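Q: fold the stuff below for me.
(chains A, B, C and D)
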Protein chains: 2
Amino acid sequence: MKRSASGSSAVIRDPTRPAGSRRRRDRETRQSEILEAAFEEFAARGYAATRLEDVASRAGVAKGLPNFYFASKEELFKAVLHRHVVPDWSALEMRLEQPEASTAELLRGLISLAYERLVENPRAHRLLRLLIAEGPKFPELAEFYHAELIERAIALLGRLLAHGVERGEVRSGPYLDYPQAIMGPAIMAVVWQLLFAERYPLDLERFFDAHLDLVVSGLTPR
Amino acid sequence: MKRSASGSSAVIRDPTRPAGSRRRRDRETRQSEILEAAFEEFAARGYAATRLEDVASRAGVAKGLPNFYFASKEELFKAVLHRHVVPDWSALEMRLEQPEASTAELLRGLISLAYERLVENPRAHRLLRLLIAEGPKFPELAEFYHAELIERAIALLGRLLAHGVERGEVRSGPYLDYPQAIMGPAIMAVVWQLLFAERYPLDLERFFDAHLDLVVSGLTPR
DNA sequence: TCACGTATTGACTGGTCATTCAATCAAATA
DNA sequence: TATTTGATTGAATGACCAGTCAATACGTGA
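A: Down below sits the predicted model:
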């Protein structure tokens, strides 16, 4: 169903490529194709239930090829997750380095970025599903994401809040020790999407408004 | 390792039991033991990676017995998850039916109950892990939990907020359409526990304070 | 104490799937 | 064009495991 039975249609892709490095580039392209196919399969079925043969056929290659590029299913899985850290902090820093903006405005920028990248991005949902589902089997992955993403994001939020307190735009309170609490509703939205998106979709625009309103009001001094 | 090689030690448990219904009660006890063992195994490894033989040995019975009580691995899995809905709404209603209490106090009661039952309860964490991990394979389970728990809890929160607005103790805002947003930080805490509890444990007492403070301040009219 | 019916055991079967590898193919080079 | 190097295929291997079932143990009631 996924492919015709012929094997002849295999390697016809894009012959308009610079001839010099054809072989090497093919190698990397193949890796990417396999990693991408593997991500979809792992995310849909989980590590154990995913068949390497399905990964191969989604990538349009024969059964044995994933094992040529990756020593084992486990290596493939780890490679999939390592590749998905998007270290694009530039957009974030751009939104934050506007010294003339109020804390509320900066916060809005930060939270809306979180929605773009995380809450409204189904790929991120599937990634979170994988991390949660396979956490016990691959604890080093959670560790890795913590170091690469979570820790930095929390530190950033913390700095934003501290700055707000200095300027008298944020009241002090116990949440200053847990800046991630501010992102709670966004995480809830992701979990909601994972569990209930099919039957009870969230209106993410309006949920975002609710989230922002609640949080900004919660932080503002009275 | 888990059991000695002898089969003779099998059914010696608790001979001080009323004799009349011994057989029938044993039947239910066995079912419970198997379900409990299955929950732990499924939660630790996921559906696909769990071996029925491990369930059996955790329950202290022979390999074939789970199949005697449950038609298949899939039936066992569903039975495990259906049994875990704790419909103990009484504690909740008790905390809410204090007409003399302020909205903030009621909210505190509600959120603290959520922490007791959900955030501070590792069993609930594992349940959420299972629901998220196996959602694609067993979509009816998410549906089931939505109907049994989520929907009701949201309705309850919604009523609480509406009542607060009437009494002038809660400002209006877009979050009135998404009362679940108020629980966001709690969900985040559960996800945190699932991912990072080992290496970066949360101080749940203080996180609770931060959560409550943020939310109450966010809801209070200025 | 015996016979009956149910609970329990664990060896066995059949199917699934990760991994291996000999054979083939295709690009690059001589 | 012929040769070399490395990518790709897919059949074969072996491990693993859900589900079966014949044999046995045990509580119960006569």
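Q: which residues in chain A form helices?
A: Applying DSSP state H to chain A gives helices spanning A:22-45, A:52-59, A:65-69, A:73-83, A:89-96, A:103-114, A:122-134, A:139-145, A:151-166, A:184-196, A:204-219.
Q: just for chain A, where's the confidence low?
A: A:1-25, A:87 (pLDDT under 70).
Q: ok, 80 please
A: Filtered on pLDDT under 80, chain A yields the residue ranges A:1-25, A:85-88, A:91-93, A:95-97, A:99.
Q: can you list the domains in it?
A: A:18-73, A:85-219 (automatic domain parsing).
Q: number of nearby residues for residue A:50?
A: Residues lying near residue A:50 (other C-beta atoms under 10 Å in any protein chain shown) number 20. For glycine as for every other residue, the C-beta is placed from the backbone atoms N, C-alpha and C.
Q: same question for residue A:33.
A: Neighbour count for residue A:33, taken as other C-beta under 10 Å: 17.
Q: just give the nearest non-adjacent residue to it, would you?
A: residue A:59 (4.6 Å; C-beta to C-beta, 6 or more residues apart in numbering or on different chains).
Q: likewise residue A:101?
A: That would be residue A:109: by C-beta to C-beta, 6+ apart, it lies 7.8 Å from residue A:101.
Q: same question, residue A:133
A: Leaving aside its sequence neighbours, residue A:133 sits nearest to residue B:133 (C-beta to C-beta, 6+ apart; 3.4 Å).
Q: can I assume the one you found is in contact with residue A:132?
A: Yes: using C-beta atoms under 8 Å, residue B:133 is in contact with residue A:132, at 6.6 Å.
Q: neighbour count: those two, which is higher?
A: Between residue B:133 and residue A:132, residue B:133 has the larger neighbour count (other C-beta under 10 Å), namely 25 against 22.
Q: show me what contacts the residue nearest to residue A:133?
A: Residue B:133 makes contacts with A:46, A:129, A:132, A:133, B:46, B:47, as judged by C-beta atoms under 8 Å, 6 or more residues apart in numbering or on different chains.
Q: need those residues in JSON lines (columns: distance to DNA strand D).
A: Formatted as JSON lines, these follow (distance: C-beta to the nearest atom of the strand, whole Å):
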{"residue": "A:46", "distance to DNA strand D": "14"}
{"residue": "A:129", "distance to DNA strand D": "22"}
{"residue": "A:132", "distance to DNA strand D": "21"}
{"residue": "A:133", "distance to DNA strand D": "17"}
{"residue": "B:46", "distance to DNA strand D": "11"}
{"residue": "B:47", "distance to DNA strand D": "9"}
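Q: looking at the residues you listed, which is nearest DNA strand C?
A: When the contacts of residue B:133 are ranked by distance to DNA strand C (C-beta to the nearest atom of the strand), residue A:46 comes first, at 11.0 Å.
Q: what is the burial count for the closest one?
A: So residue A:46, with other C-beta under 10 Å, has 22 neighbours.
Q: how about it, what does it touch?
A: Neighbour list for residue A:46: A:130, A:133, A:134, B:46, B:47, B:48, B:133, B:134 [criterion: C-beta under 8 Å, 6+ apart].
Q: near DNA strand C, from these?
A: Among the contacts of residue A:46, no residue lies close to DNA strand C (C-beta under 7 Å from any atom of the strand).
Q: contacts for stretch A:156-172 next, please.
A: Residues from elsewhere that reach stretch A:156-172 (C-beta under 8 Å, 6+ apart): A:92, A:96, A:102-104, A:106-107, A:110, A:176, A:179-180, A:182-183, A:219-222, B:217.
Q: buried subset of those residues?
A: Buried subset of the contacts of stretch A:156-172 (neighbour count, 16 or more other C-beta atoms under 10 Å in any protein chain shown): A:92, A:96, A:103-104, A:106-107, A:110, A:176, A:179-180, A:182-183, A:219-220, B:217.
Q: contacts only, for the closest residue to residue A:215 other than its chain neighbours.
A: Counting by C-beta to C-beta, 6+ apart, the nearest residue to residue A:215 once its immediate chain neighbours are dropped is residue A:182, at 5.4 Å. Residues in contact with residue A:182, defined by C-beta under 8 Å, 6+ apart, are A:107, A:111, A:157, A:161, A:175, A:215, A:219, B:214.
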